[in-house]
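Peer 1: sequence and predicted structure are below.
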Amino acid sequence: MQTSDVLIVGGGSAGLTLALLLASGDYSQQLKITLLEQGQAPEPAPATLLRVSALNLASQRLLTALGVWQGLTANPAYQQMEVWEADSFARINFDATTENQQALGWIVDNQQLCQQLYQKLQQYPQVQCLFGRTISQISTSDEQSLVTLTDGSVLLAKLLVGADGAESKVRQSLQLPLTFWDYDQHALVAVVKTQQPHGQCARQVFLSTGPLALLPLSDPHLCSIVWSTNPQQAAELMAKEDAEFNQALSAATQSVLGVLQVQSPRHKFPLKMRYATKWQQQQVVLVADAAHTIHPLAGQGMNLGLMDVAALAELINQQMAKNLPWASPRMLRQYERWRKAEAQQMIAAMELFKRVFLLQDPVAKLVRAVGMKTTNQLPFLKRKIMAAALGNSGDLPQLARPVPVEL
């Protein structure tokens, strides 16, 4: 039987970041950490850019503090953002210079981020990573959790953290209640070549079937697309030959960057909102996608997850600094209240955006257009919107907060 203080199930960006936060904290020598992942260890490899995430300033500050950001090579910044509605005069734009920021965000290759986190984590001997291992059973009590693997080995931990994604084995094993609904959309992703340079501008057009995003990559003529649409159209788009797909994509973007040409395989996945109504039970707690998933239209999914693990690590360190039980039920409930509030706000905002833009009657389109145009002309309101999107507002963990400006 192998024992540890913290057992993190899930070796994606959230699980690896949590392990690194705990291992590098002020009281890290007091913690023995095990990370368990059913997939293989992230190996150094060129960035494919097939699965990318938009990271905001809060996430960038967190990863910089951990010494991970500096090793990312596939993290192009975008300086501008344009959002508009097809067949309407609804349009709004944002600029990093106007916001007095170095960038509005970065497009990060998910796999490369995991590689850098894992590479950094290997510097800490108190962390053991078990890859290629699958859970068969989880038993919990008020004192500890017992995890049995399919190979018969047993792991015992004071705190079990479910960071194992939307289909979380930890959440399912504990039968933690889940609220969910199907967005009735699939997201189609690919890398495309643009005729016109993207100019470090992230673009998103709202179509009658859902949003289509063009995320700028390091090459001035390459973008990652996220096309959210109904399942039928998604299947049709996947079935098209490249030439037909290029034509459909260029038309959907209103040729804002000229003719577009797909450069990678296309992939699609269903979009669902998931929200665990209970994030902790006994000595078990959920983080990131295991606790919540949202629509990708605002690109905030990974940012939410990274803030979850930063908050949990911060509270654990605070408990240890006060010489209090570091995994107490009271602390876990405090984490749950903190991060639930942030997740609920984001879920509600994404659902509102989605529903509002799917209304296609003329009155709704006119109201949207007037609203977006008015917002675009009100600097104070735009700054409030951008502060939330950039990760410069809200109840952020300490490592993710903006540095106060000295007057």
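Peer 2: It's in.
Peer 1: residue contacts, the residue nearest to Ala74 when sequence neighbours are not counted?
Peer 2: Nearest residue to Ala74, sequence neighbours excluded (C-beta to C-beta, 6 or more residues apart in numbering): Ala47, at 3.6 Å. Quick note: C-beta positions are derived from backbone N, CA and C, even for glycine. By C-beta atoms under 8 Å, 6 or more residues apart in numbering, the contact set of Ala47 is Thr73, Ala74, Asp109, Gln111, Gln112.
Peer 1: for the residues you listed, point out the one with the lowest pLDDT.
Peer 2: Ranked by pLDDT, the contacts of Ala47 bottom out at Ala74 (82).
Peer 1: could I get the full set of strands for the stretch 151-300 of the chain?
Peer 2: Here the stretch 151-300 of the chain has its strands, by DSSP state E, counting those that start in this stretch, at 154-162, 178-194, 201-207, 210-216, 222-229, 260-262, 267-276, 280-281, 284-286, 292-293.
Peer 1: what's the span of stretch 130-149 from first residue to last?
Peer 2: Counting by C-alpha to C-alpha, to the nearest Å, you get 11 Å between the two ends of stretch 130-149.
Peer 1: quick one: low-confidence ranges for the protein?
Peer 2: 351-361, 363-373, 375-382, 404-407 (pLDDT under 70).
Peer 1: ok, Val127 to Ile135 distance?
Peer 2: Val127 sits 19 Å away from Ile135, going by C-beta to C-beta, to the nearest Å.
Peer 1: more crowded one of those two?
Peer 2: Val127 (23 against 17; other C-beta atoms under 10 Å).
Peer 1: how near is that one to Ala166?
Peer 2: Between Val127 and Ala166 the computed distance is 25 Å (C-beta to C-beta).
Peer 1: ok, now Gln80?
Peer 2: Applying C-beta to C-beta to Gln80 and Ala166 gives a distance of 31 Å.
Peer 1: ok, those two, which is more surrounded?
Peer 2: Taking other C-beta under 10 Å, Gln80 and Ala166 do not tie; Gln80 has more neighbours (19 against 14).
Peer 1: for Glu241, which residues are in contact?
Peer 2: Glu241 touches nothing, counting by C-beta under 8 Å, 6+ apart.
Peer 1: and the helix or strand harbouring Arg330, how far out from the chain's middle?
Peer 2: In this structure, Arg330 sits in helix 329-358 according to DSSP states H and E. Remark: helix 329-358 is offset 14 Å from the chain centroid, using C-alpha atoms, centre = their mean, to the nearest Å.
Peer 1: relative orientation of it and strand 210-216 in degrees?
Peer 2: Counting by axes from the mean of the first three to the mean of the last three C-alpha atoms, to 10 degrees, helix 329-358 lies at 110 degrees to strand 210-216.
Peer 1: for Ile316, which of the strands of the stretch 151-300 of the chain is the nearest?
Peer 2: Taking C-beta to C-beta, strand 154-162 is the member of these nearest to Ile316, at 8.2 Å.
Peer 1: which strands and helices lie in contact with the closest one?
Peer 2: Contacts defined by 3 or more C-beta pairs under 8 Å, 6 or more residues apart in numbering; DSSP states H and E place strand 154-162 against strand 2-9, strand 33-37, strand 145-149, helix 169-173, strand 284-286.
Peer 1: can I get these in JSON lines including distance to Ile385?
Peer 2: JSON lines is the format used below for those (distance: least, C-beta to C-beta, whole Å):
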{"stretch": "strand 2-9", "distance to Ile385": "34"}
{"stretch": "strand 33-37", "distance to Ile385": "37"}
{"stretch": "strand 145-149", "distance to Ile385": "41"}
{"stretch": "helix 169-173", "distance to Ile385": "32"}
{"stretch": "strand 284-286", "distance to Ile385": "29"}
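Peer 1: any chance of those in JSON lines, with mean neighbour count too?
Peer 2: Shown next, in JSON lines, are these (neighbours: other C-beta atoms under 10 Å):
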{"stretch": "strand 2-9", "mean neighbour count": "22"}
{"stretch": "strand 33-37", "mean neighbour count": "24"}
{"stretch": "strand 145-149", "mean neighbour count": "19"}
{"stretch": "helix 169-173", "mean neighbour count": "21"}
{"stretch": "strand 284-286", "mean neighbour count": "25"}
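Peer 1: now the strands of the stretch 151-300 of the chain in CSV, with distance to Gln247?
Peer 2: Converted to CSV, those look like this (distance: least, C-beta to C-beta, whole Å):
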stretch, distance to Gln247
strand 154-162, 44
strand 178-194, 12
strand 201-207, 15
strand 210-216, 14
strand 222-229, 14
strand 260-262, 9
strand 267-276, 19
strand 280-281, 50
strand 284-286, 43
strand 292-293, 32
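Peer 1: closest to Gln101 out of those?
Peer 2: Between Gln101 and those, the shortest separation by C-beta to C-beta is 13.7 Å, and it involves strand 201-207.
Peer 1: list the contacts of the closest one.
Peer 2: 54, 78-86, 90, 104-105, 107, 211-216, 229, 252-254, 256-257, 297, 357.
Peer 1: hang on, Phe94 packs against Tyr78?
Peer 2: No. Using C-beta atoms under 8 Å as the test, Phe94 is too far from Tyr78 to be in contact (9.9 Å).
Peer 1: now do the shared contacts for the two.
Peer 2: Leu104.
Peer 1: and the residue nearest to Gln116 when sequence neighbours are not counted, how close does it get to Thr64?
Peer 2: Spatial nearest neighbour of Gln116, chain neighbours left out: Gly71 (4.5 Å); criterion: C-beta to C-beta, 6+ apart. Using C-beta to C-beta, one gets 11 Å for the distance from Gly71 to Thr64.
Peer 1: let me see the contact set for the residue nearest to Gln116.
Peer 2: If a contact means C-beta under 8 Å, 6+ apart, then Gly71 has Gln116, Gln119, Lys120 as its contacts.
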